[in-house]
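**Q** dropping the sequence and predicted coords here.
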Amino acid sequence: MDSEKRLSVGIMTDVVKKHALAEEILAPGEVVLNTYLSSKVSPRISGQIVARHTRLGDTVKKGQRLVTLSSVEMAQAQGDLVVATREWQRVKKLGREVIAERRYVEAQVAHQQAYAKVRAFGMTSNQVTNLLKQSDASKATGSFDLLAPQDGVVIRDDFIVGEVIEPGRVLFDITDESRVWIE
């Protein structure tokens with residue numbers, strides 16, 4: 001469309017410039033957390049809190065230790081994993097030619113289930129690897145760390161060291177405050 005045609009139909013063009021608006025809109029509102037950038041941290045099994053590694057207001061990175069727990073359930077699961085891993089390594093070393101197929105598969109499945117159990121209880125693959133590298137069953141103490149699931153700021157920590165915690169109880173709220181919602 002040429003300039004004459006634009007003028008004849010009332011279309012005007014101008015250079016875009018930054019300037020303040022003459023009108024303000026006042027409306028009630030509330031700043032709330034962006035729930036897509038927030039996490040709740042809770043244990044999956046019961047345990048006693050033995051050490052705090054971060055506090056309210058601290059900035060944390062994903063994977064950072066928040067709290068150390070000790071759990072009888074975790075000690076049992078860790079012990080089962082150590083035993084199952086040793087048996088699986090022994091059976092695997094002997095091989096399918098020496099070991100009956102059923103025994104071979106049982107050892108393999110027992111190892112996989114023991115590994116899955118400690119992971120489901122909250123140990124990371126690195127924590128499991130470190131436990132198994134030690135080759136010492138006495139290291140299956142039931143101690144494990146809850147880790148930060150994301151980068152952010154600790155906006156809630158609701159526990160006391162020494163307290164026994166049940167599964168699902170929220171110990172920490174972590175949020176990324178860089179983007180919030182206005183309601």
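**A** Now that the structure is in, tell me what you want to look at.

**Q** identify the residue spatially nearest to the residue nearest the centre of the chain, adjacent ones excluded.
**A** Among the residues of the chain, the one closest to the centroid is Pro149, at 2.9 Å (CA atoms, centre = their mean). Spatial nearest neighbour of Pro149, chain neighbours left out: Ser39 (4.6 Å); criterion: CB to CB, 6 or more residues apart in numbering. (Each C-beta comes from the backbone N, C-alpha and C, glycine too.)

**Q** parallel or antiparallel, list what pairs with the helix or strand containing that neighbour.
**A** Using DSSP states H and E, Ser39 falls within strand 38-41. For strand 38-41, the paired strands and their directions (DSSP bridges) are strand 172-175 (antiparallel).

**Q** ok, residues contacting the strand it pairs with?
**A** By CB atoms under 8 Å, 6 or more residues apart in numbering, the list of residues contacting strand 172-175 from outside reads 33-34, 37-41, 54, 60, 66-67, 146, 148-150, 152-158.

**Q** likewise for stretch 123-133?
**A** 63, 74, 78, 81-82, 85, 115, 118-119, 139-140, 144-145, 147.

**Q** ok, now with 7 Å
**A** Gln78, Thr85, Tyr115, Val118, Arg119, Lys139, Ala140, Phe144, Leu147 (CB atoms under 7 Å, 6 or more residues apart in numbering).

**Q** now the two most distant members of those.
**A** By the measure CB to CB, Thr85 and Leu147 form the most distant pair in the contacts of stretch 123-133, at 22.6 Å.

**Q** longest helix of the protein?
**A** helix 72-94 (DSSP state H).

**Q** residues contacting the residue nearest to Pro149?
**A** Per CB under 7 Å, 6+ apart, neighbours of Ser39: Pro149, Gln150, Ile174.

**Q** in the sheet, who's paired with it?
**A** On the basis of DSSP bridges, Ser39 is bridged to Ile174.

**Q** and the residue nearest to the centre of the chain, what does it touch?
**A** With CB under 7 Å, 6+ apart, Pro149 has these contacts: Ser39, Val41, Lys62.

**Q** ok, of those, which one's closest to Val98?
**A** Of all these, Lys62 has the smallest distance to Val98: 45.0 Å, by CB to CB.

**Q** hang on, the closest one packs against Val41?
**A** No: counting by CB atoms under 7 Å, Lys62 sits too far from Val41 to count as a contact (11.8 Å).

**Q** between the two, who's got more neighbours?
**A** Remark: of Lys62 and Val41, Val41 carries more neighbours, 20 against 12, as counted by other CB atoms under 10 Å.
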